[in-house]
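Trainee: Mind folding the following:
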Amino acid sequence: MKKNILTILSEYKKRLLNDKSVGDIFLTKINTKSKNIINFLDLLFLSNQSPKKVWKDINKKENLIITKLSGETIREICGYVGGIINKSKNDAEFASHLKQHAFNKYPILHYSKILEFIFTLFVKKDGKKVSEESLLKLEKIISEETTKIFNKFIRILQDAKLYSFERNINPLYIGWPYIEGLTQSQKVFRAPLLLWPLNELSRTKTKIVLATKHDEILLNSAIRLSQIKDSNYNVAEFSFDSLTLTDDIFQKAITDLKTLGFKVKNEDKINNLYNLNYYKQNEQLSSNIADNFEKYLANNYQVNNLGLVFDCYLGMYNISSTTLYRDYCDLEKVIDNSVSQIFQNEYNIEEDWAENQLRYQEELNERTVMAINNYDISQKVAIKKALEKNTIIQGPPGTGKSQTISNLIVNNLCRGERVLFCAEKKDAIKVVYNNMKKIQNYCLMITNLEEKESFYQKILDSINNINQLYPEVESAMYLSKMDQLFDNIKKYKIFARQDAYQDYLQFLNNVKNQPLTLDFELLSQFYYFELEYDDYSRHCHWIYQNTMIVQKFLALFNDFPHFAEIYHRFRVKEFKKMLKKAKGLKPHKFLALIFNVLKNNIVSYTINSVDENKFNLFKIEETTLIEALTTEFKNIDYFVNRLELIDQNDRLRREDKNYELYAYLGTVVKVEADLPLIYQHYFVHCYQTEHAELLKVGTLNWLKELTKLSNQSMLNTTEYLTYLYHQQIRDVIKANFIETLPKLIEECRKKTKRSITYYFKNNYELIKVLFPVIMVTPDIASQLLPLNHQEFDQLIFDEASQIFVERAIPIIYRAERILVAGDKKQLEPTNFFSSRFDYDGWEQNEELLALETTLTDKSLLDFASKQYNSSMLRFHYRSKYSELINFSNAAFYDNNLIMISNKTKKDFPLKLIDVPDGVWKNRGNIPEAKRIVALLKEIITTRKQQETIGVVTFNEVQKNLIWQYLTEEFEKTPVLEQELHRVHNGRNEGLFVKNLENIQGDERDIIIFSIGFARDENNKFTQFFGPLSQAGGENRLNVAITRAKEKIYIVKSFPSSLISEDSKHPGPRYFKYYLEYVEQLNRGKDQKDKVLAKLTTAKSYAQEQQVSKINRQFTAEVAAALTAALSGHERYQIATYTVQGTYQIDVTVYDQKKDHYVLGIICDDLTYPIGVEQKEYDFYRQKYLVDRGWKIEAILHSNWLFKNYQVDIINRIVQKIIGK
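Mentor: Numbers count the residues shown, from 1 in each chain. Model (predicted):
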């Protein structure tokens, strides 16, 4: 096992050195034509500057100025050359004029192509004067060459600026001088020995000013590390610090090479670097980079022999950190369980997200996952898993991966854990950092080790914050309330589907429409009758007849079995209390009246004296009120016999009030007709008393209540963490750093500050206390953080599909638990500098095609996918319109994404622009490039919302063509150039023009595609589409088509029907389908669904939602009632089961005047669709709709059945719609 681990580490260490590019390490015939650098001598010549003078200016620390020659200057040069040619009588005289005068006055004449043409003019002169036509040709050559090199220079500067924005690393250097030869392992190379940093200060259409940094000159670490590895040197013995410009800087560089075992055969030329014969040297360079370059080097150098080459290139150089390499050297010395754990397989198919999605959601309690940013159910599940074990978050485009990461960090902090967050790009780090809001005080973000001012200010602010006071806050308080409400909602839905609830609603409708009209005041007077036998004897037979009332009451009770369920829940002791209360109660209702009339006999009954089966209201032996009443009326004969003893005639005649008694008894008789209504009133009263809490749940606006609790919980979490960490930091500072604190503060305030690396090394324990969260790139993590096993509790990698696994292993060693965030359907890692991923010319180079398929470089995401289980984020937030993401959802995510269009129907989000005269020539399409620039001008000058814009091409040539025509347009349309430099909240939002390889991680409101491919000049269409035709090409397409938030323009020169479906890899086939999808959408046809059906058989979220019979009837009733209520407002369109994206909304209201949906109505039939968990259905899906700009109203079926409420519900909705 130990041997295997050593082999793996050795392989990864080797990969760190195999990042090939011009100016970095080794040159081969494949990558000598790098797009990232430019011959600095040619650039100077064509700007008519002397290299010797420029280098002297650089040594004086003056700025470097590159100027594009004006037409007037070019004509002046041509006139001067014509004069020399005309007055030179022979070759020697002509050469003398050039050498002694022309080259000094016009250095541009050194440029080989111009010089060759001048010699041609002199030879053709043949004793005559040079013609005007020849001089015009010379003028054209100079103009074309200066424009070409100046435009390339601008493109390099623009790429460097974008790279700097993304990674916060300035890659712009001059490589000079170069060194070539053979290494210990017999590798041939030519690479810069020294790298001179440049920084762009200003740029106009014709002038660019660059500053040089004389204290940050670098020795090429790649050459040194390669030799260290091959010769088994100890990397710790070598310094990789930058150099300061001194007179002996070149000698220092040579000495360093000697220390590594190299011999430099032309070392004596080191002192003549500033006195070059530039023309001859440039000529020498041309031969050296021919196709036999590697053979040339192998034949001219022995092992460890080198030679100085006076090449000089300006451009983008890949300056990798040496500390990652050092980490591997240290890990190779450790090799124990702590290292082998990195490669331990933890994958468990039974815990796979795709297979157990619902289970994970059902097991999730709100209080187990805290947040400070908005979240959805899939994000919370992912966070819960990440807190338990190593895991992967699969984050398709626009699914909120960054906010998920920031909320995970919050949970780490709540658990008192230390967190390391790593990403390659600055923007990825900054987005998460910005999401941390007030918790930023405890997060240290470093994306550039040169930004010392911001680093020291952060330290100072954190120390000063110690004296602040924060109130104590309880954690998870509102989340517990959310859990309780979710639980109550679930119980309510079960409760509301029971038969008893349906009876309750029926009775409720009745009692609301038929209130009791009994004269209880009159009936209550019956209580005051003194039953004197002589007063009532004459009417005893009439009283007897009233026994039928109670009998009917009993029969009525038997018809309503649910009445028993109500009383079944009453305890015996409660019934006893009722009986006791009945004895002393002042009667005011009918039943109470009977109670009191018969009270002397009722209270004599004992609970055990009545048959339980007669009236099954209680589980234990108990008597009942109704049984007692029935028994008493059966004994009414007792009263009759007593009444017969009275002398009825005499007393009735004496008492007029006997007639009044007759009237009272008549009122009692009338009650018989109201008995069903009385029962229903009583049933409703008892049901509401028994189920008060659950019935209250049904009256709540669940979405509103849960959203309120969610928002309160996010605020609560922020306040809780602020209090918690402020107290912890304060206590630790007082205990361990109180004496050194003044010195630390003083160091932060010094004008000349030490390096960030130095501060970390000497104050790491303080930094650990102040900042439990560190946010850096892998290189910076390796440079600043000690290589301690499990130094951090949680490690988070973002954009893991773009990180080479060899750059991550030493960082993984530093953490206990790993989260890898990425998307397996996006790009594998590519090196901006590496020509092995440069696809220009691949259709002519079979060797390159084979190379791509055998590459061994894998991403961190690939590495993690074999070891960790994953969770998938499902809710899409980026694109405002589903048309922008539908294709990707079907083609790459099996319709697993949940998305909805914005409520507004704006211009069609996918617009097709055909270029009928487009031609594929030299791997580019000029007519299409010009159309792109015209479209950019049109959009930028007419847009209303200041939308951001990006242009995507399918190869480097087309990108450069667009840049060429774009820069030409800058002078006519200055706003175009201004758009390049647009920044918002520290993030670059400027116009970009990029090819497929460099687009991942970007997003813009508007994306414009220049397809480029077309028929060639011979009307032939080639079935090759650059990177799309390779393995994984479909992923490149996926990345490209998911960058837009609002709109995509497809500019193309051929129909999709020209693309064959018979391709080796799926990329071209998906490309064909995508173009076909866009074509169908633009024709207004419904064929787009057939296109999507070719991509997957999986159903979308909307298609999986099965509508029940109850829901159909319910939805139809709501739509009909709403339509009737809005009959006088024809501007509103009512529709049912409207599909928006993958959502199906039961009822929608569309305002034709405002041209958007004003309301969506969820008709909740109290059941859950198959495959949808409760929390998602009751809250998260509705919250997602609201977050996407929709107004949502939910109607419960249980409330709709209450007819009296229907009017109120519809009236409330109508008022929301019309705004009254």
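
Trainee: wait, what's in contact with the residue nearest in space to the middle of the chain?
Mentor: When C-alpha atoms, centre = their mean is applied to the chain, the residue found nearest the centroid is residue 400 (2.9 Å). Taking C-beta atoms under 8 Å, 6 or more residues apart in numbering, we find residue 400 in contact with 375, 376, 379, 873, 875, 877. Glycine gets a C-beta too; all of them are placed from N, C-alpha and C.

Trainee: Now do the phi/psi pair for it.
Mentor: In this entry, residue 400 is assigned phi and psi values of phi 80, psi 40 (degrees, to the nearest 10).

Trainee: so what pLDDT did it get?
Mentor: At residue 400, the pLDDT value in this model is 94.

Trainee: Would you mind putting the CA coordinates of the strand or helix carrying residue 201 into PDB?
Mentor: If you go by DSSP states H and E, residue 201 is part of strand 194-203. The C-alpha trace of strand 194-203 is given here as PDB (Å, rounded to 0.1, in the frame of the first residue of the first chain):
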ATOM      1  CA  LEU A 194      14.200  35.500 -16.200                       C
ATOM      2  CA  LEU A 195      10.700  36.900 -16.200                       C
ATOM      3  CA  TRP A 196      10.200  40.600 -15.900                       C
ATOM      4  CA  PRO A 197       6.700  41.600 -14.600                       C
ATOM      5  CA  LEU A 198       4.600  44.200 -16.400                       C
ATOM      6  CA  ASN A 199       1.500  46.100 -15.400                       C
ATOM      7  CA  GLU A 200      -0.800  47.900 -17.800                       C
ATOM      8  CA  LEU A 201      -1.200  51.500 -16.800                       C
ATOM      9  CA  SER A 202      -3.200  53.000 -19.600                       C
ATOM     10  CA  ARG A 203      -4.500  52.300 -23.100                       C
END
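
Trainee: quick one: strands adjacent to that strand?
Mentor: In the sheet, strand 194-203 lines up against strand 172-175 (antiparallel), strand 207-212 (antiparallel), strand 218-219 (antiparallel) (DSSP bridges).

Trainee: quick one: that strand to chain centroid distance?
Mentor: 34 Å (C-alpha atoms, centre = their mean, to the nearest Å).

Trainee: sorry, back to before: nearest to residue 294, out of the strands paired with strand 194-203?
Mentor: strand 172-175 (19.4 Å; C-beta to C-beta).

Trainee: Show residues contacting the strand holding residue 201.
Mentor: 23, 58, 63-64, 154, 157, 160-161, 170, 172-177, 208-213, 216-220, 243, 249-250, 253, 314, 317, 319.

Trainee: what about the stretch 551-700 of the chain, any weak spots by pLDDT?
Mentor: Judged against pLDDT under 70, the low-scoring parts of the stretch 551-700 of the chain cover residues 551-673.

Trainee: let's see 90
Mentor: For the stretch 551-700 of the chain, applying pLDDT under 90 flags the ranges 551-695, 698-700.

Trainee: The stretch 251-400 of the chain now?
Mentor: In the stretch 251-400 of the chain (pLDDT under 90), the answer is 251-261, 265-304, 307-313, 315-365, 367.

Trainee: Strands of that one, start to end?
Mentor: If you assign secondary structure with DSSP state E, counting those that start in this stretch, the strands in the stretch 251-400 of the chain sit at 263-264, 305-309, 313-316, 391-394.

Trainee: so residue 994 is in which element?
Mentor: Here residue 994 sits within strand 992-995, counting by DSSP H and E.

Trainee: Secondary structure element holding residue 1193?
Mentor: strand 1192-1196.

Trainee: and that strand, which residues are buried?
Mentor: Neighbour counts over strand 1192-1196 (16 or more other C-beta atoms under 10 Å) mark 1192, 1193, 1194, 1195, 1196 as buried.

Trainee: Same check on stretch 954-972?
Mentor: Neighbour counts over stretch 954-972 (16+ other C-beta under 10 Å) mark 954-967, 969-970 as buried.

Trainee: Check stretch 942-953 too.
Mentor: Within stretch 942-953, judged by 16+ other C-beta under 10 Å, the buried ones are 948, 949, 950, 951, 952, 953.

Trainee: Alright, I will stop here.
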